[in-house]
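1. coords please:
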Amino acid sequence: MHKQIYVNLAVADLPKARAFFSELGFSFHPTFSNDQGACLILGENIFAMLLVKPFFQTFTTKALADPKQQVEALMCLSCESRAEVDEIVAKALRAGGTTPRPAQDHGGMYGHGFDDLDGHAWEFVYMDPNAAAAP
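-> Residues are numbered from 1 along each chain as shown. Just a heads-up that it's a prediction; the model follows:
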(Lines give C-alpha, C1' and ligand atoms only; values in the text may rest on other atoms or scores of the structure.)
Protein backbone atom coordinates (compact mmCIF):
# COMPACT_ATOMS: atom_id res chain seq x y z
CA MET A 1 0.00 0.00 0.00
CA HIS A 2 1.11 3.51 -0.72
CA LYS A 3 1.73 5.58 2.40
CA GLN A 4 1.93 9.13 1.06
CA ILE A 5 1.05 11.21 -1.99
CA TYR A 6 3.22 13.91 -3.54
CA VAL A 7 1.62 16.01 -6.27
CA ASN A 8 4.30 17.81 -8.29
CA LEU A 9 3.42 21.25 -9.65
CA ALA A 10 5.53 23.59 -11.77
CA VAL A 11 5.65 27.18 -10.50
CA ALA A 12 7.00 30.34 -12.11
CA ASP A 13 8.18 32.06 -8.91
CA LEU A 14 8.89 29.83 -5.92
CA PRO A 15 9.14 32.60 -3.29
CA LYS A 16 5.76 34.02 -4.41
CA ALA A 17 4.19 30.53 -4.41
CA ARG A 18 5.52 29.90 -0.88
CA ALA A 19 4.20 33.26 0.32
CA PHE A 20 0.79 32.59 -1.25
CA PHE A 21 0.31 29.22 0.47
CA SER A 22 1.76 30.52 3.74
CA GLU A 23 -0.92 33.25 3.74
CA LEU A 24 -3.51 30.48 3.47
CA GLY A 25 -2.10 28.92 6.66
CA PHE A 26 -0.15 26.07 5.09
CA SER A 27 3.41 25.20 6.04
CA PHE A 28 6.38 23.61 4.30
CA HIS A 29 8.55 20.62 5.17
CA PRO A 30 12.03 22.14 5.53
CA THR A 31 13.89 18.88 4.85
CA PHE A 32 12.34 18.60 1.39
CA SER A 33 12.51 22.29 0.44
CA ASN A 34 15.27 24.33 -1.18
CA ASP A 35 15.68 26.96 -3.91
CA GLN A 36 14.44 24.47 -6.56
CA GLY A 37 11.29 23.33 -4.79
CA ALA A 38 9.19 23.51 -1.67
CA CYS A 39 7.29 20.66 -0.02
CA LEU A 40 3.83 22.05 0.79
CA ILE A 41 2.19 20.12 3.64
CA LEU A 42 -1.48 19.55 2.80
CA GLY A 43 -2.28 16.84 5.33
CA GLU A 44 -0.78 14.06 7.41
CA ASN A 45 0.39 12.16 4.33
CA ILE A 46 -0.47 14.59 1.54
CA PHE A 47 2.09 16.93 -0.01
CA ALA A 48 2.49 19.14 -3.07
CA MET A 49 5.99 19.67 -4.40
CA LEU A 50 6.11 23.20 -5.79
CA LEU A 51 8.99 22.97 -8.27
CA VAL A 52 10.51 25.78 -10.32
CA LYS A 53 9.78 25.13 -13.99
CA PRO A 54 13.36 24.31 -15.11
CA PHE A 55 13.72 21.76 -12.30
CA PHE A 56 10.24 20.31 -12.94
CA GLN A 57 11.17 19.89 -16.60
CA THR A 58 14.02 17.50 -15.61
CA PHE A 59 11.39 14.92 -14.62
CA THR A 60 9.66 14.73 -18.01
CA THR A 61 10.31 15.04 -21.73
CA LYS A 62 6.78 16.35 -22.32
CA ALA A 63 6.00 20.04 -22.68
CA LEU A 64 4.71 21.75 -19.57
CA ALA A 65 1.06 22.79 -19.64
CA ASP A 66 0.19 26.39 -18.91
CA PRO A 67 -2.31 25.96 -16.06
CA LYS A 68 -3.68 29.43 -16.77
CA GLN A 69 -4.77 28.16 -20.20
CA GLN A 70 -5.23 24.37 -19.82
CA VAL A 71 -6.38 22.20 -16.94
CA GLU A 72 -3.61 19.84 -15.84
CA ALA A 73 -5.43 18.48 -12.79
CA LEU A 74 -7.89 19.53 -10.09
CA MET A 75 -6.47 19.15 -6.60
CA CYS A 76 -9.36 18.55 -4.19
CA LEU A 77 -9.02 18.53 -0.41
CA SER A 78 -11.69 17.77 2.15
CA CYS A 79 -12.65 20.23 4.87
CA GLU A 80 -14.32 19.87 8.28
CA SER A 81 -17.10 22.38 7.52
CA ARG A 82 -18.65 24.70 4.96
CA ALA A 83 -17.13 27.58 6.90
CA GLU A 84 -13.64 26.10 6.45
CA VAL A 85 -14.23 25.85 2.69
CA ASP A 86 -15.28 29.51 2.53
CA GLU A 87 -12.42 30.60 4.80
CA ILE A 88 -9.67 29.01 2.69
CA VAL A 89 -11.11 30.45 -0.53
CA ALA A 90 -11.36 33.92 1.07
CA LYS A 91 -7.72 33.68 2.17
CA ALA A 92 -6.71 32.64 -1.35
CA LEU A 93 -8.49 35.65 -2.84
CA ARG A 94 -6.79 38.02 -0.37
CA ALA A 95 -3.42 36.44 -1.28
CA GLY A 96 -3.92 37.03 -5.02
CA GLY A 97 -5.74 33.90 -6.17
CA THR A 98 -8.88 33.92 -8.30
CA THR A 99 -12.13 31.98 -8.22
CA PRO A 100 -13.11 30.52 -11.60
CA ARG A 101 -16.70 29.83 -10.51
CA PRO A 102 -19.04 30.39 -7.56
CA ALA A 103 -19.39 27.99 -4.65
CA GLN A 104 -21.37 24.83 -5.43
CA ASP A 105 -24.01 23.57 -3.01
CA HIS A 106 -25.25 20.06 -3.77
CA GLY A 107 -27.15 19.51 -0.53
CA GLY A 108 -24.90 17.09 1.33
CA MET A 109 -21.81 18.30 -0.49
CA TYR A 110 -20.54 21.88 -0.58
CA GLY A 111 -17.49 22.99 -2.49
CA HIS A 112 -15.59 25.99 -3.72
CA GLY A 113 -12.15 26.53 -5.10
CA PHE A 114 -9.54 28.88 -6.42
CA ASP A 115 -6.78 29.12 -8.96
CA ASP A 116 -3.40 29.88 -7.36
CA LEU A 117 -0.87 32.41 -8.67
CA ASP A 118 0.31 29.97 -11.37
CA GLY A 119 -3.22 28.97 -12.40
CA HIS A 120 -3.31 25.56 -10.67
CA ALA A 121 -6.89 24.65 -9.72
CA TRP A 122 -7.53 23.87 -6.05
CA GLU A 123 -10.93 22.63 -4.85
CA PHE A 124 -12.10 22.35 -1.25
CA VAL A 125 -15.14 20.31 -0.33
CA TYR A 126 -17.22 19.59 2.76
CA MET A 127 -19.37 16.47 2.76
CA ASP A 128 -22.07 16.33 5.43
CA PRO A 129 -21.80 12.86 7.00
CA ASN A 130 -25.48 12.96 7.98
CA ALA A 131 -26.55 13.57 4.38
CA ALA A 132 -24.62 10.50 3.22
CA ALA A 133 -26.48 8.34 5.75
CA ALA A 134 -29.93 9.50 4.59
CA PRO A 135 -31.90 7.07 2.38
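2. From here on, just use CA atoms for contacts and neighbour counts.
-> Fine.
3. chain center to stretch 13-30: distance?
-> How far stretch 13-30 lies from its chain's middle: 11 Å, per Cα atoms, centre = their mean, to the nearest Å.
4. Quick one: residues in contact with that stretch.
-> For stretch 13-30, the external contacting residues (Cα atoms under 8 Å, 6 or more residues apart in numbering) are 11, 35-42, 50-52, 88, 91-92, 95-96, 116-118.
5. State the number of residues packed around residue 47.
-> The local packing of residue 47 (other Cα atoms under 10 Å) involves 19 other residues.
6. give me the beta-bridge partners of it?
-> According to DSSP bridges, residue 6, residue 41 are recorded as the beta-bridge partners of residue 47.
7. That one touches residue 33, doesn't it?
-> No: under the criterion of Cα atoms under 8 Å, residue 47 is not in contact with residue 33, lying 11.7 Å apart.
8. returning to what we had before: mind checking which of the contacts of stretch 13-30 are in helices?
-> Judged by DSSP state H, the subset of the contacts of stretch 13-30 located in helices is 88, 91-92.
9. Closest one to residue 127 out of those, please.
-> residue 88 (15.9 Å; Cα to Cα).
10. can you pull the pLDDT of the closest residue to the closest one other than its chain neighbours?
-> Counting by Cα to Cα, 6 or more residues apart in numbering, residue 88 lies nearest to residue 24, which is 6.4 Å off, once chain neighbours are set aside. Reading off the confidence values, residue 24 has pLDDT 97.
11. tally of neighbours for residue 24?
-> Other residues within reach of residue 24 by the criterion other Cα under 10 Å amount to 17.
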